[in-house]
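Q: one predicted model, sequence on top.
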Amino acid sequence: MKRCLFVDDSSVIRKVAKRILGSDMIVVEASTGVEAAEICADSMPDVIVIDGGLTDIQAVDLIRRIRAIESPVKPQILVSLVEVDVAAIMRAKRAGAQGYLLKPFNRAQLLESFRFLKIAA
């Protein structure tokens, strides 16, 4: 079964994502970038959704840190934003993200983002 790491400082966002995705994949939660990096170093997930507004580390720095980890799994990464910020999206893509997700999201929006990544969800 595929694994997804949802990194967001909002427990509500993490719980909603887990409820939506939990029947199709294993969802692991992290509330900080440091916690997310530790999870990835221990066992790299297949998909990572990173909050663009983390308080402890910039999303692009976390993406670069994750990409630097040696792993046979090369995760697909989405950055989660509260508004369309083209500059932030481009920075995330240059750091190694495949795309973005707007929040708050509903079931259809989250599942469509995962279909875009060609991840069964």
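A: Perfect, I can see it now.

Q: low pLDDT regions in the chain?
A: Residue ranges of the chain with pLDDT under 70: 119-121.

Q: now the strands for it?
A: Ranges of strands in the chain, per DSSP state E, are 3-7, 26-30, 47-51, 76-81, 99-102.

Q: for the residue nearest the centre of the chain, what are its contacts?
A: The chain has V49 as the residue nearest its centroid, 0.9 Å off, counting by Cα atoms, centre = their mean. V49 makes contact with 4-8, 17, 77-80, 101, according to Cβ atoms under 8 Å, 6 or more residues apart in numbering. The way it works is simple: take the backbone N, C-alpha and C, and place the C-beta from them, glycine included.

Q: any idea what it is bridged to?
A: F6, L78 (DSSP bridges).

Q: with E29 instead?
A: Assessed by DSSP bridges, E29 has beta-bridge partners F6.
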